[in-house]
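Engineer: My questions are about this predicted structure, shown below with the sequence.
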Amino acid sequence: MADWEIQAKGRLAGEITIPGDKSVSHRAVILGAIAKGVTRAWGWLKADDVLRTISAFRMLGVEIKVGDELVIKGAGKAGLKPANQIIDLGNSGTGMRLISGVLAGQNFQSALTGDETLQRRPMKRIIEPLSKMGARIQSRENGLAPLTIRGGNLHGIDYQMPVASAQVKSAILLASIFAQGKTRLTEPSPSRDHTENMMEYFGATLIRSGLKIEFVCGQELSGRDLQVPGDISSAAFFIIAGLIVPGSEVLIRSVGLNPTRTGILDGLKMMGADIEIQNARLASGEPVGDLLVKSQGLKAAEFKGDLIPRLIDEIPILAVAATRAKGTTVIRDAKELRVKESDRINAMATELKKMGAKVEELEDGMVIEGQATLKGAEVFSHQDHRVAMSLAVAGMAASGQTKVRSVEWVDTSFPGFLEKLNRLVA
Ligand code: S3P
């Protein structure tokens, strides 16, 4: 077990780039692997979650070269081969759910597993629609991994998604590539659309209108070169550190600004933050820009409804911002946080309270009293990368020393996070 010792050392200043977007990197590997021809990706996230997805497709017979440039020799729609071992996706919910969609379309049997946290996460949400499409999926009790999937002979479905989940939506779209007929999906509110964007970038046609997607099944994808943008979910830790550590000024370069992901910028605007977007541009079908963040006072806000899926992964760090804001912040409609890498409502409430914050847990969110005087404490990651990084940022705004315990989980999405944060100490 690794720990971090964090001591506030004054203002943060300078320029940084952040690692590639995790969602886009997974999709580059997955779509590249099932497309015809070669896909090359730059700026991809070289972290455990994505490396697991790469190793899964290597086991399925796809040739993938890993370097600064990721080179995937696509197997095409009919080219995957059965793996001769259980595919282990480690900590990655995205890996497991999206790859299940691909495997549901294969005429062979596969077995998938993951680490102890992934084995606690709900898989019924993909088992149900993929089974309706014709896949036969077995799970441990109550829809938990390990899973075995026997696929093939799928047909498209009309599906009203019960939760706003890009992973569920993507699993169904990926399975539909191997199916016959038509798939029609309706989401309860908009979730990230990187799968749709990349499928289009790879030559597929999707009809998208509001919360609905229509896809004629069986379309073949063509591999392409792509630039992966920086991950706004990783940038969020530096955005909030820059806002709450007095005197700071941080420029974060090449951050992905897909509107389904920029809820954190909208949320911070509601808190009165002025974050400047510079150099806005498009990279391989995804909007990108540089973010200039200067420390400033924040005010409390209420976060709920359609905004929640657009900032779901940033709520742990948003909770840290709320402890410093003027007034009481309320977060609602975020029940999904309870089934992430940890129960993030409980994790953040428990740990921020140890640092002197006043946080009340709601079934679907949190109530956070602002202007807390944070003090260093010994806090725990709850085996969750984003909880660990959020607590480190809280430590940067606290008096005394904060010890964040069990931070090895950070390698799933952001190896070298603490070094990056320390390098900004002016
Ligand atoms: C992701 C979707 C979200 C998000 C996760 C990444 C993706 O999960 O929380 O970190 O890449 O599709 P859900 O689909 O469960 O909302």
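Structural biologist: Nice, I can see it.

Engineer: how about the residues of the stretch 201-350 of the chain near the ligand?
Structural biologist: Taking Cβ under 6 Å from any ligand atom, the part of the stretch 201-350 of the chain that reaches the ligand is made up of 312-313, 336. Where you see a C-beta, it was placed from the backbone N, CA and C, and this is true even at glycine.

Engineer: Tell me the gap between stretch 129-148 and the middle of its chain.
Structural biologist: With Cα atoms, centre = their mean, to the nearest Å as the basis, stretch 129-148 stands 23 Å off its chain's centre.

Engineer: so where do the strands sit in the stretch 101-250 of the chain?
Structural biologist: When assigned using DSSP state E, counting those that start in this stretch, the strands of the stretch 101-250 of the chain occupy the ranges 109-113, 136-140, 144-150, 158-160, 182-186, 206-209, 212-216, 225-227, 249-256.

Engineer: Name the residues of the fourth one that are buried.
Structural biologist: Just to be clear, that refers to strand 158-160. Neighbour-count burial for strand 158-160, with 16 or more other Cβ atoms under 10 Å as criterion, is recorded at Tyr159.

Engineer: Tell me which strands that strand pairs with, and in which orientation.
Structural biologist: Strand 158-160 sits in its sheet next to strand 182-186 (parallel), going by DSSP bridges.

Engineer: So what pairs up with Lys358 in the strands?
Structural biologist: Counting by DSSP bridges, Lys358 is bridged to Glu369.

Engineer: same check, this time on Pro287
Structural biologist: The partner list for Pro287 in beta bridges (DSSP bridges) reads Leu282.

Engineer: which of the residues of the stretch 201-350 of the chain next to the ligand has the most neighbours?
Structural biologist: Per-residue neighbour counts (other Cβ atoms under 10 Å) across these peak at Asp313, which has 26 neighbours.

Engineer: How about the secondary structure of that residue?
Structural biologist: Under the three-state scheme (DSSP: H, G, I helix; E, B strand; the rest coil), Asp313 adopts helix.

Engineer: Now that it has come up, it's in contact with Ser233, right?
Structural biologist: Yes - assessed by Cβ atoms under 8 Å, Asp313 is found in contact with Ser233 at 4.5 Å.

Engineer: mind giving me the domain split of this structure?
Structural biologist: Domain assignment for the chain by automatic domain parsing gives 3-20+229-423, 22-227.

Engineer: In a markdown table, list those domains along with mean pLDDT.
Structural biologist: Below are the domains of the chain laid out as a markdown table (pLDDT from 0 to 100):
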| stretch | mean pLDDT |
| --- | --- |
| domain 3-20+229-423 | 97 |
| domain 22-227 | 98 |
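
Engineer: Walking through the chain, point out its helices one by one.
Structural biologist: Ranges of helices in the chain, per DSSP state H, are 22-34, 48-59, 93-104, 124-132, 166-177, 194-201, 232-244, 263-270, 307-310, 315-324, 344-354, 385-396, 417-423.

Engineer: Compare those and give me the one nearest Gly365.
Structural biologist: Across those, Gly365 has its closest neighbour in helix 344-354 (6.7 Å, Cβ to Cβ).

Engineer: list the buried ones in that closest one?
Structural biologist: Neighbour-count burial for helix 344-354 flags 344-345, 347-353 (criterion: 16+ other Cβ under 10 Å).

Engineer: out of those residues, who's nearest the ligand?
Structural biologist: Closest approach between the buried residues of helix 344-354 and the ligand, by Cβ to the nearest ligand atom: Arg344, at 9.9 Å.

Engineer: which residue packs closest to that closest one, ignoring adjacent ones?
Structural biologist: Residue nearest to Arg344 in three dimensions, not counting chain neighbours: Leu337, with 4.2 Å by Cβ to Cβ, 6 or more residues apart in numbering.

Engineer: repeat for Met271
Structural biologist: Leu298 (4.3 Å).

Engineer: Likewise for Val288?
Structural biologist: Excluding its sequence neighbours, the residue lying closest to Val288 (Cβ to Cβ, 6+ apart) is Pro229, at 4.6 Å.

Engineer: show me the contacts for that neighbour.
Structural biologist: Counting by Cβ atoms under 8 Å, 6 or more residues apart in numbering, Pro229 touches 20-21, 24, 43, 254-258, 283, 286, 288.

Engineer: What distance do you get for it to Asp290?
Structural biologist: To Asp290, Pro229 is 11 Å away according to Cβ to Cβ, to the nearest Å.

Engineer: who touches both of these two?
Structural biologist: 254-255.

Engineer: and Arg281, how many residues sit next to it?
Structural biologist: Using other Cβ under 10 Å, Arg281 has 12 other residues around it.

Engineer: what about the residue nearest to it when sequence neighbours are not counted, how many neighbours?
Structural biologist: In space, and not counting its chain neighbours, Arg281 is closest to Val288: 5.5 Å by Cβ to Cβ, 6+ apart. Neighbour count of Val288, defined by other Cβ under 10 Å: 24.

Engineer: ok, now which ones touch the residue lying closest to Asp290 once chain neighbours are set aside?
Structural biologist: Nearest non-adjacent residue to Asp290, counting by Cβ to Cβ, 6+ apart: Gln278, 4.5 Å away. When the contact criterion is Cβ under 8 Å, 6+ apart, the partners of Gln278 are 251, 289-292.

Engineer: can you check Gln219 too?
Structural biologist: Contacts for Gln219 (Cβ under 8 Å, 6+ apart) come out as 177, 203-205.

Engineer: Of those residues, just say which sits nearest to the ligand.
Structural biologist: Of all the contacts of Gln219, the ligand sits closest to Ile177, with 16.4 Å by Cβ to the nearest ligand atom.

Engineer: How much space separates that closest one from Ala171?
Structural biologist: To Ala171, Ile177 is 11 Å away according to Cβ to Cβ.

Engineer: cool, Ala334 as well?
Structural biologist: On the measure of Cβ to Cβ, Ala334 and Ala171 end up 22 Å apart.

Engineer: of those two, who's got more company?
Structural biologist: Set Ala334 next to Ala171 and count neighbours by other Cβ under 10 Å: Ala171 wins out with 29 against 22.

Engineer: And for that one, nearest residue in space, chain neighbours not counted?
Structural biologist: Gly101 (3.3 Å).

Engineer: circling back: between the contacts of Gln219, which has the most around it?
Structural biologist: Tallying neighbours with other Cβ under 10 Å puts Ile177 at the head of the contacts of Gln219, with 23 neighbours.

Engineer: so that one touches Lys77, yeah?
Structural biologist: Yes - look at Ile177 against Lys77 with Cβ under 8 Å: they come within range, at 6.6 Å.
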